[in-house]
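Q: Here is my input; please provide its structure:
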Amino acid sequence: MEESRYSRQLHCTANFKQAALSDAVVLIAGMGGLGTSVSTALVAAGCGTLILCDPDTIALSNLNRQFLYKETDIGKKKVTVAVKRLKAINGDPDFIAIDGRFNDQPLPVSIKPQLLLDCLDNLEGRIELIDYAAKNNIPLVHGAVDGFMGQLSVFIPGESACPVCSLSGDMDQNDAPIPSLGACVTVLAGLQATESIKFFTNSGDLCINKFMFFDGLSTTLDAMILERDHNCIACSKYLSHGL
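A: Down below sits the predicted model:
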């Protein structure tokens, strides 16, 4: 079953090992547009354990980009519906549903995330997640979307800049909803899933110490170098600890 299900991806690179994905433990913070699409891709690829975190219920305005959910799901908990739909796609992975933010409840002692996926839409939550990544020495794949635009970066604690290292000055966030186009969300989620699979299978070069920007209006990809900020509000606290 496993050989036939995953046979088309086994030879993508010389290093590709399905067992590495089957043993992977991924925590996804945010089951909105990015989280639903990236979890679908990872489940289809055979990721072993997914920890899904989100406190919200499904609303009508979610449906243009959160493709795991249907009109009949409105008012239901996102993580509950997501687990049900993802299990229908692939019965191999294990799931842990956290009906809250990623740090609202302790994980089982036997479960430790090997990779964090930042699928959040607010700066406060992102800073908390990066702080958690740095404290526990867990790599993180960041993704964000604004309309036709998106950005991607990979944070390796102790080795690379985090996504917040690039920010300076006023970090107040506008409370207005961020414009979000489902097609562009899917592009960024695909890139996040690709970086995650590369990480576990030791394939290619990760998007570290840089932002990759996707511009859907001009159909271009550009990169910006990131430098570590040793006073970063998100990741600098643990630099002196060797992380």
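Q: can we go C-alpha only for contacts and neighbour counts from here?
A: Fine.
Q: end-to-end on stretch 58-70?
A: 9 Å (CA to CA, to the nearest Å).
Q: Centre of the chain to that stretch, how far?
A: 18 Å (CA atoms, centre = their mean, to the nearest Å).
Q: Likewise for stretch 132-140?
A: 13 Å.
Q: and if you look at stretch 110-128?
A: For stretch 110-128, the distance to the chain centre is 7 Å (CA atoms, centre = their mean).
Q: Next: stretch 125-139.
A: Counting by CA atoms, centre = their mean, stretch 125-139 comes out at 12 Å from the chain centroid.
Q: Also stretch 20-37?
A: Distance, centroid of stretch 20-37 to centroid of chain: 6 Å (CA atoms, centre = their mean).
Q: what does stretch 201-220 give?
A: 14 Å.
Q: by contact count, what packs against the lengthiest helix in the chain?
A: The residue-count maximum for a helix in the chain (DSSP state H) belongs to helix 182-201. Counting contacts by 3 or more CA pairs under 8 Å, 6 or more residues apart in numbering; DSSP states H and E, helix 182-201 is packed against helix 18-22, helix 33-45, strand 140-146, strand 149-155.
Q: Alpha carbons of that helix, in CSV - could you do that?
A: What follows is helix 182-201 as a C-alpha-only set of coordinates in CSV (Å, rounded to 0.1, in the frame of the first residue of the first chain):
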residue,chain,number,x,y,z
GLY,A,182,-7.3,31.6,-2.3
ALA,A,183,-5.2,30.9,-5.4
CYS,A,184,-2.2,32.8,-3.9
VAL,A,185,-2.7,31.2,-0.5
THR,A,186,-2.4,27.8,-2.2
VAL,A,187,0.9,28.9,-3.9
LEU,A,188,2.5,29.9,-0.6
ALA,A,189,1.1,26.8,1.2
GLY,A,190,2.7,24.6,-1.5
LEU,A,191,6.0,26.3,-1.0
GLN,A,192,5.7,25.8,2.8
ALA,A,193,5.0,22.1,2.3
THR,A,194,7.9,21.8,-0.2
GLU,A,195,10.3,23.3,2.3
SER,A,196,9.0,20.9,5.0
ILE,A,197,9.5,17.9,2.8
LYS,A,198,12.9,19.1,1.8
PHE,A,199,13.8,19.4,5.5
PHE,A,200,12.8,15.9,6.4
THR,A,201,14.3,14.3,3.3
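Q: helix or strand right after it?
A: Once the chain leaves helix 182-201, the next helix or strand it forms, by DSSP states H and E, is strand 210-215.
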